[in-house]
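**Q** kindly generate the corresponding structure for this input.
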Amino acid sequence: MSGREPTTASVRRVARKALSVSRDLADPSSPTRRRLHLGCNTPYWELGDNDLVRMAYTMLLRREPDDHGRTELTSLLAHHAIGPFDVVDRIRASDEFHATAPLGPANLGHSLHASRRQFILGLPPARRIVDLGGSHTNHQWGAFVAMGYPYDFDELVVVDLPSGERHPVYRSSEYEDVSTPRGPVRYRFQSMTDLSFADTGTVDLVYSGQSIEHVTPADANAVLGEVRRVLRPGGYLALDTPNSAVCRLQQEDFIDPDHEFEYSLSELTAKVSEAGFEVCDTRGLNYAGHSVARGIFDQAEVAANTGVFFDAAKCYLLALLCRAPR
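**A** Numbering: from 1, shown residues only. Predicted coordinates:
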């Protein structure tokens, strides 16, 4: 402190500044108020245009907006050509978002789930569907519909064990039958070795998503026998399951305590072929090529490589599309 008394002029300057700030804070559109609210409870869509674009860039692309991107998007926002969530959608649809902003290693499970959604999107249209093990832990529609199957159907039957007989990780409500935007979903809480509810040759598509590894190889044979019986000639079996060749790099034991058997690509293709199916397409989910080459599991690599890949043997999950004899 200097010990000097403030002058009248300086007091007036401070008073004018305080009055100006007070007015800014009272005006919802003022930059000062918006800046102060950035770290508080202001909804994204109420941010100013520059702050809105900056938040979208930093959250989705993990960088500050470049001059071109900022100028283009703020101009479109100012002219009401797009809205706040259009900014997010444009970034999500960009090459950069998909190529340079991968999921991190802590989100391996979420990355695998996203890849399984892409696999489901590529499955053929079907009117009658059976989903083996397809309960969803928090969605009454079941996993197949909730994960985005894109076609309308006449009936989808979800077959799953009663909740009390499942591993605690997989327990969910025993949902009632429900109508969904794609068609009606019915539930059968029983073993997937028993598909007696379906007549022979009446089903177009059976989906087994992360389920065949939960039964013994002998029970898997029984499941595949029932699947072949209920499928119409030329009907499809689609299944995704962990690839033991990559999972064993991650750990020597099963990657899930509820698993009974994890298959390699050759073991899985041999098993479905022996059951009488033609393997139409072999794909892998979440590429792990560098991990396989080095013999060391790299979780960051696998989590980053979300998607459906040609080289199935080097992917974390196997994804097969098979066809019943015509």
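**Q** so for stretch 160-168, first residue to last residue, what's the gap.
**A** Distance across stretch 160-168, first residue to last, is 14 Å (C-alpha to C-alpha, to the nearest Å).
**Q** in it, which residues are buried?
**A** Buried residues in stretch 160-168, counted by 16 or more other C-beta atoms under 10 Å: Asp160, Leu161, Arg166. C-beta coordinates here come from the backbone N, C-alpha and C atoms, glycine included.
**Q** which of those scores worst on pLDDT?
**A** Checked by pLDDT, those have Arg166 as the lowest-scoring entry (70).
**Q** which ones are touching Met192?
**A** Contact analysis of Met192 by C-beta atoms under 8 Å, 6 or more residues apart in numbering lists Leu132, Gly133, Val159, Asp160, Ser208, Ser211, Val215, Val223, Glu226.
**Q** for Arg283, see how far away the closest residue to it other than its chain neighbours is.
**A** Spatially, and ignoring its direct neighbours in sequence, Met192 is nearest to Leu132 (4.4 Å; C-beta to C-beta, 6 or more residues apart in numbering). In this view, Leu132 and Arg283 are 19 Å apart by C-beta to C-beta, to the nearest Å.
**Q** show me the helices in the protein, by range?
**A** Secondary structure of the chain by DSSP state H: the helices cover 8-26, 31-37, 49-60, 67-78, 84-92, 95-100, 108-121, 143-146, 217-230, 244-250, 265-274, 289-294, 299-304.
**Q** who wins for proximity to Arg128 among those helices?
**A** helix 217-230 (9.1 Å; C-beta to C-beta).
**Q** what sits up against that closest one?
**A** Outside helix 217-230, the residues within contact range by C-beta under 8 Å, 6+ apart are 130, 132, 192-195, 198-203, 206, 208, 212, 215, 237, 260-261, 271-272, 275-277, 324.
**Q** what about 7 Å?
**A** 130, 132, 192-193, 195, 198, 200, 202-203, 206, 212, 215, 237, 261, 271-272, 275-277, 324 (C-beta atoms under 7 Å, 6 or more residues apart in numbering).
**Q** neighbours around His259, how many?
**A** 19 (other C-beta atoms under 10 Å).
**Q** ah, wrong one, I meant Pro150
**A** Around Pro150 there are 10 residues (other C-beta under 10 Å).
**Q** how near is it to Gln250?
**A** From Pro150 over to Gln250 (counting by C-beta to C-beta), the distance is 32 Å.
**Q** neighbours of Leu285, just the number please.
**A** Neighbours of Leu285 (other C-beta under 10 Å): 29.
**Q** tell me the confidence at it?
**A** For Leu285, the predicted pLDDT is 98.
**Q** residues in contact with it?
**A** Taking C-beta under 7 Å, 6+ apart, we find Leu285 in contact with Leu112, Ser115, Arg116, Phe119, Asp240, Val308, Cys315, Tyr316, Leu317, Ala319.
**Q** drop anything exposed from those.
**A** Counted by 16+ other C-beta under 10 Å, the contacts of Leu285 give Leu112, Ser115, Arg116, Phe119, Asp240, Val308, Cys315, Tyr316, Leu317, Ala319 as buried.
**Q** just curious, which of the residues you listed is nearest to Leu77?
**A** Ser115 (33.5 Å).
**Q** bridging residues for the closest residue to the closest one other than its chain neighbours?
**A** Excluding the flanking residues, the one nearest Ser115 by C-beta to C-beta, 6+ apart is Leu285, at 3.8 Å. Taking DSSP bridges as the rule, Leu285 bridges to Val308, Leu317.
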